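*Asks:* The sequence and its predicted three-dimensional model are supplied below.
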Amino acid sequence: MPENTQPSSQAPAAPPAAAPQFPQEVRRGPRGRRPRVDDPEMAGLKETVVAINRVAKVVKGGKRFSFGALVVVGDMKGRVGFGLGKAKDVQLSIQKGSQRARKSMIHFALVHDTIPHEIVGRWGAGKVWMKPAAPGTGVIAGGGVRALLEAAGVKNILTKSLGSSNNFSVIYATMQALRGLRTREETMKLRGRG
């Protein structure tokens, strides 16, 4: 008969935790770093800088310059957003604008690579008219409207800027119009007929 029949107070030792293993063939970015997860190219987003605005503040020692960048980001499948970034440096302002654009993305209805119906968007003095177009027409738009629609994935559309030509007002008006788009099914459901 064994002399010591009491269970041991010590639990069996657990095997040491293994360090996390990374695959050997990890794609690395510039300077051997892993690419950023929030990088627009990694998320399949198209990023376009629409306008860079230089602002001068006059101070005692001279002028201090800062920059405002208007950036449009879209996934080419009906999701698009825009952002305004401000900083002392151009690169930093673009980066801030890009982050804000990704946070403000909206989804709208695309029907055969165009919009479902005619619409007018208004924002301040900006006014943008948009109309669906037949396949093969292309994006008939200028400046900021073109950048926004191409990032959204619209391939055939007719547009006209009827108000202010200011890039900021035009982009805001275009986004306002895209928010107001409804498909036939959505309209019928709102009317209680579907």
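*Replies:* Everything's here; your move. The structure presented is a predicted model; accordingly, all values stated were derived computationally and were not measured. Residues are numbered from 1 along each chain as shown.
*Asks:* buried ones in the helix or strand Gly83 falls within?
*Replies:* If you go by DSSP states H and E, Gly83 is part of strand 79-87. Buried residues in strand 79-87, counted by 16 or more other CB atoms under 10 Å: Arg79, Val80, Gly81, Phe82, Gly83, Leu84, Gly85, Ala87. (C-beta placed from N, C-alpha, C; glycine too.)
*Asks:* what's around the closest residue to the last one other than its chain neighbours, how many residues?
*Replies:* The spatially closest residue to Ala87, leaving aside those adjacent along the chain, is Ser93, at 4.1 Å (CB to CB, 6 or more residues apart in numbering). Here the count is done by other CB atoms under 10 Å, and Ser93 has 23 residues near it.
*Asks:* What is the distance between the helix or strand of the chain with the lowest mean pLDDT and the centre of its chain?
*Replies:* Among the helical and strand segments of the chain, the one scoring lowest on mean pLDDT, DSSP states H and E is helix 184-190, with a mean of 82. Distance of helix 184-190 from the chain centroid (CA atoms, centre = their mean, to the nearest Å) equals 27 Å.
*Asks:* So the residue nearest to Ala87 sits against Phe67, correct?
*Replies:* Yes - Ser93 lies in contact with Phe67 (CB atoms under 8 Å); the separation is 4.5 Å.
*Asks:* how near is Lys63 to Ala147?
*Replies:* Distance of Lys63 to Ala147, computed by CB to CB, to the nearest Å: 30 Å.
*Asks:* between these two, which one's more packed in?
*Replies:* With neighbours defined as other CB under 10 Å, Lys63 and Ala147 compare such that Ala147 has more, 27 against 9.
*Asks:* Quick check: Asn53 is in a strand.
*Replies:* Yes - under DSSP: H, G, I helix; E, B strand; the rest coil, Asn53 sits within a strand.
*Asks:* Wait, it touches Gly68, no?
*Replies:* Yes - using CB under 8 Å, Asn53 is in contact with Gly68, at 4.2 Å.
*Asks:* the more surrounded of these two?
*Replies:* Gly68 (18 against 14).
*Asks:* ok, that one to Leu190 distance?
*Replies:* From Gly68 to Leu190 the distance is 38 Å (CB to CB).
*Asks:* so who does Glu186 touch?
*Replies:* Ala109 (CB atoms under 8 Å, 6 or more residues apart in numbering).
*Asks:* go again using 6 Å as the cut-off
*Replies:* Counting by CB atoms under 6 Å, 6 or more residues apart in numbering, Glu186 touches no other residue.
*Asks:* Renumber starting at 687 from here on
*Replies:* Got it, the first residue is 687 from now on, which makes the last one we talked about Glu872.
*Asks:* Would you mind stating the distance between it and Val797?
*Replies:* In terms of CB to CB, Glu872 sits 11 Å off from Val797.
*Asks:* Provide the strand pairings for the host helix or strand of Lys817, with the direction of each partner.
*Replies:* Assigned by DSSP H and E, Lys817 belongs to strand 812-818. In the sheet, strand 812-818 lines up against strand 805-809 (antiparallel), strand 843-847 (antiparallel) (DSSP bridges).
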